[in-house]
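[1] got a structure for you, letters missing:
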């Protein structure tokens, strides 16, 4: 597998131009995010990821996580790398200073995860889930819970998980049946006995952190049916004493590990709570409001999963470039010189390489634009917070679709060598394939865009985004036309389409919207580079942006027909005829 080289220059460009880190640093809260510190973080975590996480990527894929006597073991090297990650403070970048964090913008936390995930996607899921747990407890936990759990979660000494899915409750979380019974007396009075089984729990059990803090959805006695009756509980692997020391193990266990297509070094656990009736948890937030609290964590996770699209696309692109530059085969068809050349000289390979680079840079631009809007929302800018809400489903859905497409192109560039495991190209595709599924499938993201998000701002927020792009991109006909098409589709969905019609067109519309925003943000990058920002990208950036605007944007415009086609054709045949 090709070594990982951090794309530091492109990351810094996106952080400066798309996230607007300079403007964020003018606020009192983010005043420490000065240029020198930003550069040091981006360069430092890139070097750390390349040196510590990347060398374990292939090893983790081949050996995987193993469940032995109730404990999940990782391959040799993972424990030392995780401890180095904790000791260097990378887990604490954006966490609140009151609990030991550095209080820096979420944008920089996204960069930490981008580098870690590009180096080793499976391993990076461990800190990714912990960050989500921190968010949930920071916003919904009691003062006592925050004091008990946040300092060690922030440092990374402890890790966190979220437990939603059950064997009979997948995307329909409201169908879950795990229970929580109040404890009225004894040492755990005021807490709850949690009972149930959860599946697909990422890093639900491992031996890298001293404790694992599980956030578990369950039902209280007499709770309403469906999602209105779900509460959130914090359930530690080891009980925590009043002084912060660890007590005995809680009544929970990893039953088994899933055997997966990819991310083999990430233990995906079946977790059982309360086999002996003594699994103790604490209520987080109000009774029956657990799903709202969990969605704080899920929203963060959806941004970070969209980030994984950029991560795996970057890694696959680097590997494909190295192979294409070194694999010599045939003369270039259009050249008078019939000497065999590296395959990167052949037109179709060149097309695939440029597509991989343009798509990767497009997702990165969208990622940091979204992160910058999150940061502004956290500073009290309500309009930016709404803008971020619009961008999340686009980033999660399109970003992860791009990860799959780009890693697939990487296999194609390798030819037959991509289809065998020895080169490592196939691992990137196998790892990428989970991202469109977890944290809400991409179909769910698209449905969210055309239902709840479409109604934000009185139904005007989404249209206003496309109107702004159309104005600012007026000089680029294709991008401006796509923005106007997106606005037209949004108005039709808002004003005239039935719910079935909106959902039937949601996926093509979500792709149109994401490409539109990404193209806009790439155009801003190109303008900045032309003005002298990032001179090291002066040769490459105009070409990749032009490819995106001239090739990818028109493709997205072609999706309009599917976006407005309605649902009638989808139901022209009864289900019985389709499965006959």
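    Structure received. Please read these numbers as outputs of a predicted model, since none were measured by experiment. Residues are numbered from 1 along each chain as shown.
[2] work out which residue lies at the spatial centre of the protein.
    Residue closest to the mean C-alpha point of the chain, counted by Cα atoms, centre = their mean, is residue 305 at 1.3 Å.
[3] ok, now how distant is that residue from residue 318?
    Remark: distance between residue 305 and residue 318 (Cβ to Cβ, to the nearest Å) = 21 Å. For the C-beta atoms, the positions are set from N, CA and C on the backbone; glycine is no exception.
[4] same question for residue 251.
    For residue 251, the distance to residue 318 - Cβ to Cβ - is 46 Å.
[5] give the helix, strand or coil label for residue 180.
    Classification of residue 180 by DSSP: H, G, I helix; E, B strand; the rest coil places it in strand.
[6] what's around it, how many residues?
    30 (other Cβ atoms under 10 Å).
[7] tell me how far it lies from residue 290.
    Taken as Cβ to Cβ, the span from residue 180 to residue 290 is 10 Å.
[8] same thing with residue 112?
    Distance from residue 112 to residue 290, by Cβ to Cβ: 28 Å.
[9] the two: who's more crowded?
    residue 290 (31 against 27).
[10] could you check the pLDDT of that one?
    pLDDT, residue 290: 93.
[11] residue 165: neighbour count?
    Going by other Cβ under 10 Å, the residues that sit close to residue 165 add up to 18.
[12] let me see the contact set for it.
    Residues in contact with residue 165, defined by Cβ atoms under 8 Å, 6 or more residues apart in numbering, are 173, 198, 199, 200, 201.
[13] please apply the same query to residue 41.
    Applying Cβ under 8 Å, 6+ apart, the residues contacting residue 41 are 93, 104, 108, 111, 112.
[14] quick revisit: among residue 251 and residue 318, which residue is more densely surrounded?
    residue 318 (21 against 18).
[15] which residue is the nearest non-sequential neighbour of the more buried one?
    residue 2 (5.8 Å; Cβ to Cβ, 6 or more residues apart in numbering).
[16] elements contacting the longest strand anywhere in the chain?
    Using DSSP state E, we find that the single longest strand of the chain is strand 192-202. Based on contacts counted as 3 or more Cβ pairs under 8 Å, 6 or more residues apart in numbering; DSSP states H and E, the elements that strand 192-202 packs against are strand 158-163, strand 179-182, strand 211-218, strand 231-236, strand 268-273, strand 280-284.
[17] what pLDDT, on average, does the second one get?
    Right, strand 179-182. Across strand 179-182, pLDDT averages out at 98.
[18] that one - contacts with which helices or strands?
    Going by 3+ Cβ pairs under 8 Å, 6+ apart, strand 179-182 lies up against strand 192-202.
[19] what lines up beside the strand it packs on in the sheet?
    strand 179-182 (antiparallel), strand 268-273 (antiparallel), strand 280-284 (antiparallel) (DSSP bridges).
[20] which residues does the shortest one contact?
    The contact list for strand 179-182, computed with Cβ under 8 Å, 6+ apart, reads 192-196, 218-221, 231, 233, 281, 283.
[21] again, only this time at 7 Å
    Strand 179-182 is contacted by residues 192, 193, 194, 195, 196, 218, 219, 220, 221, 231, 233, 281 when judged by Cβ atoms under 7 Å, 6 or more residues apart in numbering.
[22] measure the third one to residue 217 for me?
    Taking Cβ to Cβ as the measure, residue 194 falls 10 Å from residue 217.
[23] quick one: pLDDT of residue 258?
    97.
[24] can you name the residues that contact it?
    Counted by Cβ under 7 Å, 6+ apart, residue 258 has contacts 200, 268.
[25] next, it: phi, psi?
    Torsion angles at residue 258 (phi, psi; degrees, to the nearest 10) stand at phi -70, psi 140.
[26] what does residue 66 give?
    phi -130, psi 140.
[27] residues near residue 539, how many?
    Residues lying near residue 539 (other Cβ under 10 Å) number 9.
[28] state the pLDDT value of it.
    pLDDT, residue 539: 98.
[29] that one: which element?
    Residue 539 is part of no helix or strand when elements are defined by DSSP states H and E.
[30] and it, how close does it get to residue 529?
    Residue 539 is 10 Å from residue 529, by Cβ to Cβ.
[31] please enumerate the shared neighbours of those two.
    Residues touching both residue 539 and residue 529 (Cβ under 7 Å, 6+ apart): there are none.
[32] coming back round to it: neighbour-wise, which one of the contacts of residue 41 leads?
    Of the contacts of residue 41, with other Cβ under 10 Å as the count, residue 111 tops at 30 neighbours.
[33] verify the stated contact: that one with residue 40.
    No: counting by Cβ atoms under 7 Å, residue 111 stays clear of residue 40, with 11.7 Å between them.
[34] who touches the residue nearest to residue 260 when sequence neighbours are not counted in this structure?
    Counting by Cβ to Cβ, 6+ apart, residue 260 lies nearest to residue 268, which is 6.0 Å off, once chain neighbours are set aside. By Cβ under 7 Å, 6+ apart, residue 268 lies in contact with 200, 202, 257, 258, 260.
[35] which of those are buried?
    200, 202, 257, 260 (16 or more other Cβ atoms under 10 Å).
[36] which strand residues bridge residue 214?
    residue 161, residue 235.
[37] ok so, going back, shouldn't the residue nearest to residue 318 be in contact with residue 322?
    Yes: here residue 2 reaches residue 322: they are 4.5 Å apart, a contact under Cβ under 7 Å.
[38] how much space between residue 529 and residue 493?
    For residue 529, the distance to residue 493 - Cβ to Cβ - is 36 Å.
[39] if you count surrounding residues, which of the two has more?
    Taking other Cβ under 10 Å, residue 529 and residue 493 do not tie; residue 493 has more neighbours (25 against 21).
[40] now the more buried one: closest residue in space that isn't a chain neighbour?
    residue 502 (4.7 Å).
[41] what sits against the one you found?
    450, 451, 493.
[42] 8 Å instead?
    450, 451, 454, 493.
[43] which of those fall in helices?
    450, 493 (DSSP state H).
[44] neighbour-wise, which of the contacts of residue 502 leads?
    Neighbour-wise, these (other Cβ under 10 Å) top out at residue 450, 28 neighbours.
[45] tilt between the helix or strand hosting residue 322 and strand 158-163?
    Element membership for residue 322, per DSSP H and E: helix 290-326. Between helix 290-326 and strand 158-163, the angle formed by their directions is 110 degrees, by axes from the mean of the first three to the mean of the last three Cα atoms, to 10 degrees.
[46] next up, phi/psi of residue 342, please.
    Per degrees, to the nearest 10, the backbone of residue 342 is at phi -60, psi 140.
[47] retrieve the pLDDT associated with it.
    Looking at residue 342, the pLDDT reads 97.
[48] wait, isn't it in contact with residue 330?
    No: the criterion here is Cβ atoms under 8 Å, and residue 342 misses it with residue 330 at 10.2 Å.
[49] more neighbours: which of those two?
    Taking other Cβ under 10 Å, residue 342 and residue 330 do not tie; residue 342 has more neighbours (15 against 12).
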